[in-house]
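Asks: here are the coordinates; sequence isn't available:
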């Protein structure tokens, strides 16, 4: 599966859901395989930039991102890009849950502060 770009959140979720429901089958209690070739299904953790859909395909937004896992077949697909984007309305971008989910991770921020202090 390609990493979503220039899609709404609903389109992105539908694309990922469709991949799992149409192109995957479960083997055992937790292993997923590709229905086309039997290859292993893995995930890439991608950074999804959040953009304001008001600007169309221009990919302009509030400089926030989500991390999202993108599934793919290790045999019949190339590894997806680690970067994509989701286009949202201004009201969606300002929802408290969206703002909270797009905050930097505390450990990353703390690590950067430690690195700066050491140098």
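Replies: Thanks, I have it. Only a predicted model underlies this, so the values are computations on that prediction, with no experimental measurement involved. Residues are numbered from 1 along each chain as shown.
Asks: The one helix or strand residue 72 maps to: what's the following helix or strand?
Replies: Following DSSP states H and E, one finds residue 72 within strand 64-73. For strand 64-73, the following helix or strand on the C-terminal side (DSSP H and E) is strand 83-88.
Asks: That next one - contacts with which helices or strands?
Replies: helix 9-23, strand 41-52, strand 64-73 (3 or more Cβ pairs under 8 Å, 6 or more residues apart in numbering; DSSP states H and E). Quick note: C-beta positions are derived from backbone N, CA and C, even for glycine.
Asks: picking that back up, quick one: list the elements packing against the strand holding residue 72.
Replies: Contact analysis of strand 64-73 by 3+ Cβ pairs under 8 Å, 6+ apart lists helix 9-23, strand 41-52, strand 83-88, helix 96-101 as its packing neighbours.
Asks: Could you tell me the least trusted of those?
Replies: Of all these, the minimum mean pLDDT falls on helix 96-101 (a mean of 87).
Asks: Just the buried residues of that one, please?
Replies: Going by neighbour count (16 or more other Cβ atoms under 10 Å), the buried part of helix 96-101 is residue 98.
Asks: Pull the residues that contact that helix.
Replies: Here helix 96-101 makes contact (Cβ atoms under 8 Å, 6 or more residues apart in numbering) with 50, 64, 66, 88, 92.
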